[in-house]
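Asks: I'll drop the sequence and a predicted model, then ask my questions.
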Amino acid sequence: MLKIIIAILIFGLIIAIHEFGHFAVAKSCGIKVNKFAIGMGPRIVKFQKGETEYSLRLFPIGGFCAMEGEDDSSDDKRAFNNKAVWQRMLVVVAGAFMNVLLGFVLIIILTSMGGKIPSMQIAGFHGVKNESGQTTQYQSSSYECGLREGDVIYSVNGLRMFTDSDLVYELSSSKENSFDLVVNRNGQKLEFNNVKFEDTKTKGMIDFYLKGLNKSPLNVVSYSAKDTVSIIRLTWLSLSDLITGQYSVNDLSGPVGIVSTIGQAASVGINIKEKVMSLMNLTIFITINVGICNLLPIPALDGGRFMFLLVEAVRRKPVKPEHEGYVHVAGMFLLFAFMIFVTYNDILKLIKG
């Protein structure tokens, strides 16, 4: 029950911040907002303030910001369909922007709660150390391949490294056990091919240490911005891997799978702080994924709506609202069917353990 409550709170936060993005930009553009809701289905509570009805609904699986003239024509000067294309574009992408912004803010908080900030500079390698802390015998494959202390990892297999998250992703997702690296050493870029990362004694994947930076406002914000970019890129890379067949649709998770994952995240750590940090990590990943996936050019998603606005901007003439509505309705049915399929898979995974 606790993990369900936590999941509802996390989903509620992500949905609320997304819909608030649409709402805030719509209001700032002078667009009339008729309804603002968190959740779907029957209303639990509602109240009217000014021209807008606000409500909390039963099912925490979505929300909406219903604007005048959004899905049909309206003669109201403040209607969505009567505003400039660039204003409507801003309204459409605002939800995704707020999801990414939420992720960025949470990364700042999470980084501030942790210890030193990881950099991409190699601080040392696995091995036997003497009393003064110097390594006298290396058990590091990457050291034998030519990497040295002070090297700053620039790219791995052509992928630019911004944070340790990029490094973990590339090392764990690659099917090869050797990598092509570019490092910065004393201001010069050096290339190393077929580098292996393996502790020759323990056979562990990582055989080096990254230098930790002291926490300062600049370091925290800089790392958080880079990590946000890394997660955005990871989302696109994962979608690309799905399209190219490296992952199957059976690897996807829907609400049931995410609730299970949230329960696992809530159990990680030996104290409240560590459990909260684990849940924040997962929330960051989910909210940024929601933002980026919403921008996909799929009907019924924000990205699909943006594509129609882009067509309008190019041809200087809007697509007929009823035609666009048909496309979005069809997209909505496909998304619901896909969600049912993913949820079915999640339940099967739970049954099979």
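Replies: The structure has been received and is ready for your questions. Residues are numbered from 1 along each chain as shown.

Asks: all helices of the stretch 201-350 of the chain, in order?
Replies: 217-243, 255-266, 272-294, 302-315, 321-352 (DSSP state H, counting those that start in this stretch).

Asks: just checking, residue 180 touches residue 195?
Replies: Yes. Counting by CB atoms under 8 Å, residue 180 touches residue 195, with 7.2 Å between them. Every residue, glycine included, has its C-beta placed from N, CA and C.

Asks: which residue of those two possesses the greater neighbour count?
Replies: More neighbours surround residue 195 than the other of residue 180 and residue 195, with 18 against 14 (other CB atoms under 10 Å).

Asks: how close does that one sit to residue 122?
Replies: Distance, residue 195 to residue 122, using CB to CB, to the nearest Å: 12 Å.

Asks: do the same with residue 220
Replies: From residue 220 to residue 122 the distance is 22 Å (CB to CB).

Asks: so where's the chain uncertain?
Replies: 1, 132-133, 245-267, 269, 341-342, 344-350, 352-353 (pLDDT under 70).

Asks: please repeat the previous calculation with a cut-off of 80.
Replies: Applying pLDDT under 80 to the chain flags the ranges 1-4, 60-62, 71-73, 128-136, 173-176, 203-205, 238-270, 321-325, 332, 335-353.

Asks: give me the most central residue, it.
Replies: The chain has residue 288 as the residue nearest its centroid, 2.6 Å off, counting by CA atoms, centre = their mean.

Asks: that residue against residue 100, yeah?
Replies: Yes. Residue 288 is in contact with residue 100 according to CB under 8 Å; the separation is 5.6 Å.

Asks: if you count neighbours, what's buried in stretch 38-45?
Replies: By 16 or more other CB atoms under 10 Å, the buried positions in stretch 38-45 come out as 38-39.

Asks: re the thing from before, now for residue 288 and residue 100: what residues contact both?
Replies: 228, 232 (CB atoms under 8 Å, 6 or more residues apart in numbering).

Asks: can you give the contact residues for stretch 41-57?
Replies: Taking CB under 8 Å, 6+ apart as the rule, stretch 41-57 contacts 32-40, 58-59, 63.

Asks: need these in CSV with distance to residue 9 and secondary structure, can you?
Replies: Below are the contacts of stretch 41-57 laid out as CSV (distance: CB to CB, whole Å; DSSP: H, G, I helix; E, B strand; the rest coil):
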residue, distance to residue 9, secondary structure
32, 31, coil
33, 25, strand
34, 27, strand
35, 23, strand
36, 19, strand
37, 17, strand
38, 12, strand
39, 12, strand
40, 17, strand
58, 16, strand
59, 15, strand
63, 14, strand
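
Asks: of those residues - the most surrounded one?
Replies: In these, the most neighbours by other CB under 10 Å go to residue 63, 24 neighbours.

Asks: could you chop this protein up by domain?
Replies: Structural domains assigned to the chain are 73-112+282-352, 116-214, following automatic domain parsing.

Asks: hey, C-alpha coordinates of stretch 33-41 in PDB?
Replies: Output in PDB follows, covering the C-alpha atoms of stretch 33-41 (Å, rounded to 0.1, in the frame of the first residue of the first chain):
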ATOM      1  CA  VAL A  33      -8.400  28.300 -19.800                       C
ATOM      2  CA  ASN A  34     -11.800  26.600 -19.100                       C
ATOM      3  CA  LYS A  35     -10.600  23.600 -17.000                       C
ATOM      4  CA  PHE A  36      -7.500  22.500 -15.200                       C
ATOM      5  CA  ALA A  37      -7.400  19.000 -13.800                       C
ATOM      6  CA  ILE A  38      -5.000  16.600 -12.100                       C
ATOM      7  CA  GLY A  39      -6.000  13.000 -12.800                       C
ATOM      8  CA  MET A  40      -8.600  11.600 -15.000                       C
ATOM      9  CA  GLY A  41     -12.200  10.200 -14.600                       C
END
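
Asks: that one: how far from the chain's middle?
Replies: 24 Å (CA atoms, centre = their mean, to the nearest Å).
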